[in-house]
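Engineer: got a predicted structure plus its sequence, pasted below:
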Amino acid sequence: MTSTERHRVLVLGGDGYLGWPTAMYLSARGHEVTVVDNYLRRLLHMEVGSGSLVPIADDLDQRASAWQELTGRQIRVVVGDLTDWAVVQRAFLESEPDTVIHYGEIPSAPYSMTNRERCVFTQHNNIINTLNILWALRDYAPQAHLVKLGTMGEYGTPDIDIEEGWIVINHNGRSDRLPFPKLPASYYHCSKVADSTNIEFACRSWGLRATDLNQGVVYGIDTDETVLDPRLSTRFDYDAVWGTAINRFCVQAVVGHPLTVYGGGGQTRGYLNIRDTLRCVELSTLHPAVPGEFRVFNQFTEQFSINELANLVLRAAHDFGIEATIESVENPRVEKEAHYYNAKHQRLLELGLTPHLLSTELVEHMFDTIERYRDRVASSHILPKARWRPRALVQV
Ligand code: NAD
Ligand code: USQ
């Protein structure tokens, strides 16, 4: 496919925070979109007792109907579990994709670290989904391009610069280009490392083509499509299991909860606006990998420490007329709280990404929406409940 053609796109995990806005974004640009989801994210929220701050439509049929009513464009819906081979087969055979955008995994590091069952479930769900998709690509769509959402947390925080997926290593007088070493940040992140290994092998052995988007932490509520109608909104979470840093801090500031900096707050990560996620996925789709290629793009636009983020949200709150505070809470995670961090992120910029950078104005805009739904915030879900490190070794 070339950059001017319409693509038949399969969006796996198309009911999620990023998947639903991606489906609309690509449909709005003339691509033929099919979404697949089994509502697992919604079900797991019921298990934890939390829910999206922004109300969302009841299901994908409602979302797709609203989209068609407002734009005249169709998004096809398949409801089913990607760990079920029959579902994956059907989705591939019916949609005959040129591009497969794979968001369909459990995305929560804290969820995967709560107990053995959730850890095993996360890894089973994520790794089996991806294996099924690789076999479907091999057997039904070998020319299609896989755009897979990986994560910057696959690399961890090594004391060297982080490259985009590959590194040339000189060792004992010999040299090779090898996958960048991984120090994943949780069992969820470990599932993404396993996916990357499995995808790279499929490209090398079967000639498939794939782009692994090692994405940083995403923030934001709105895209050009979600704001068209409340029925098109995407989910927005603030609880300690599913919510992510900037989104959580914004909600905390609005409801008067001290911003929950974990530990020393020197943890540094890459971040990007949800609008840039959509553009990065589009750029990857329009400029596919070649057959046999496994390429990796580090998908984030800026890096911040947690303290920098909390202070930025504090300043935005002040401008908005809220006096927010910061409170260091005991870090529930096992992670370095002060470390070197310098991750390359050139390749998407080279393809044409123009980043939406984080600013106090943008944060204030998020406050506006959060303010509208502040009565839906359950403050009991803000503080983390599970610790990642066992308190003591158990004698057996
Ligand atoms: P999300 O949970 O909102 O979306 C994932 C969707 O996949 C959900 O709707 C879920 O129901 C679906 N899904 C999961 N397992 C499934 C299965 N077995 N069958 C069918 N559908 C299934 O998460 P998100 O925040 O939109 O993240 C999307 C992807 O991007 C994930 O792979 C995540 O790891 C990755 N990612 C997210 C972020 C972020 O900050 N949100 C950052 C980096 C990477
Ligand atoms: N943190 C706080 N306070 C909070 C929440 C988080 O200090 O209230 C800190 C964490 O300790 C961590 C950092 O913020 O150091 C990021 O945590 P997060 O919860 O925002 O994000 P994380 O758990 O890393 O996971 C999220 C998405 C996941 C994605 C990942 C990208 O949920 O799907 O893979 O971001 S990355 O972090 O680059 O691996």
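Structural biologist: That came through fine. Ligands and ions are numbered 1, 2, ... in the order given.
Engineer: any idea whether the residue in the chain that ligand 1 sits nearest to is helix, strand or coil?
Structural biologist: In the chain, the residue found nearest to ligand 1 is residue 16; the distance is 2.1 Å by CB to the nearest ligand atom. Bear in mind the C-beta positions are built from the backbone N, C-alpha and C, glycine included. Secondary structure, DSSP: H, G, I helix; E, B strand; the rest coil: residue 16 is coil.
Engineer: any idea how far ligand 2 is from it?
Structural biologist: 10 Å (CB to the nearest ligand atom, to the nearest Å).
Engineer: so residue 35 is in which element?
Structural biologist: If you go by DSSP states H and E, residue 35 is part of strand 32-37.
Engineer: after that strand, next one along is what?
Structural biologist: From strand 32-37, the next helix or strand downstream (DSSP H and E) is helix 40-48.
Engineer: centre of the chain to that next one, how far?
Structural biologist: How far helix 40-48 lies from its chain's middle: 17 Å, per CA atoms, centre = their mean, to the nearest Å.
Engineer: now swap in stretch 181-192 and tell me
Structural biologist: Here stretch 181-192 shows a centroid-to-chain-centroid distance of 14 Å under the convention CA atoms, centre = their mean.
Engineer: now that stretch: average pLDDT?
Structural biologist: For stretch 181-192, mean pLDDT rounds to 98.
Engineer: got the contact list for the residue of the chain closest to ligand 1?
Structural biologist: By CB atoms under 8 Å, 6 or more residues apart in numbering, the contact set of residue 16 is 37, 41, 103-104, 107, 235.
Engineer: any residue of stretch 240-253 touching ligand 2?
Structural biologist: Yes. Stretch 240-253 reaches ligand 2 (CB under 6 Å from any ligand atom) through 244-245, 248.
Engineer: how about stretch 123-130?
Structural biologist: No. For a cut-off given as CB under 6 Å from any ligand atom, stretch 123-130 has no contacts with ligand 2; the smallest distance is 10.5 Å.
Engineer: export that stretch to PDB, keeping only CA atoms.
Structural biologist: Below are the C-alpha coordinates for stretch 123-130, written out as PDB (Å, rounded to 0.1, in the frame of the first residue of the first chain):
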ATOM      1  CA  GLN A 123       0.300 -12.600  30.400                       C
ATOM      2  CA  HIS A 124      -2.000 -15.300  29.000                       C
ATOM      3  CA  ASN A 125      -4.400 -12.700  27.500                       C
ATOM      4  CA  ASN A 126      -1.700 -10.500  26.000                       C
ATOM      5  CA  ILE A 127       0.700 -13.200  24.700                       C
ATOM      6  CA  ILE A 128      -2.000 -15.500  23.300                       C
ATOM      7  CA  ASN A 129      -3.700 -12.600  21.500                       C
ATOM      8  CA  THR A 130      -0.500 -11.700  19.800                       C
END
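Engineer: buried ones in that stretch?
Structural biologist: Buried residues in stretch 123-130, counted by 16 or more other CB atoms under 10 Å: 123, 125-130.
Engineer: also stretch 246-266?
Structural biologist: The neighbour-count check on stretch 246-266 (16+ other CB under 10 Å) flags 246-255, 257, 259-263, 265 as buried.
Engineer: for the closest residue to ligand 2 within the stretch 51-200 of the chain, helix, strand, or coil?
Structural biologist: Of all residues in the stretch 51-200 of the chain, residue 153 sits closest to ligand 2, at 2.3 Å by CB to the nearest ligand atom. Secondary structure state of residue 153, per three-state DSSP, is helix.
Engineer: what comes up buried for the lowest-mean-pLDDT helix or strand in the chain?
Structural biologist: For the chain, counting by mean pLDDT, DSSP states H and E, helix 40-48 ranks last in confidence among helices and strands (a mean of 94). Neighbour-count burial for helix 40-48, counted by 16+ other CB under 10 Å, picks out 40-42, 44-45, 48.
Engineer: what residues does the helix or strand hosting residue 192 touch?
Structural biologist: Residue 192 is part of helix 187-206 when elements are defined by DSSP H and E. The contact list for helix 187-206 (CB under 8 Å, 6+ apart) reads 105-109, 111-113, 119, 122-123, 126-127, 130-131, 134, 137-138, 142, 146, 148, 150-151, 153-154, 156, 179, 182, 184, 208-210, 212, 289, 292-294, 296.
Engineer: would you mind listing what in the stretch 1-150 of the chain touches ligand 2?
Structural biologist: Contact residues (CB under 6 Å from any ligand atom) of the stretch 1-150 of the chain with ligand 2: 107-109.
Engineer: wait, what's in contact with residue 312?
Structural biologist: By CB under 8 Å, 6+ apart, residue 312 lies in contact with 304, 358, 360, 363.
Engineer: quick one: the helices in the chain?
Structural biologist: 19-28, 40-48, 60-71, 85-95, 109-114, 116-140, 187-206, 245-255, 274-286, 306-320, 347-351, 360-372 (DSSP state H).
Engineer: is the third one positioned near ligand 1?
Structural biologist: Spelled out, that is helix 60-71. No. Between helix 60-71 and ligand 1, judged by CB under 6 Å from any ligand atom, nothing touches; the nearest distance is 9.2 Å.
Engineer: one more: the fifth one?
Structural biologist: No. Using CB under 6 Å from any ligand atom, helix 109-114 stays clear of ligand 1, with a minimum separation of 9.3 Å.
Engineer: which residues sit against that helix?
Structural biologist: Helix 109-114 is contacted from outside by 44, 48, 106, 118-119, 122-123, 153, 185-189, 191, 240-242, 332-333, 384, 386, 388, using CB under 8 Å, 6+ apart.
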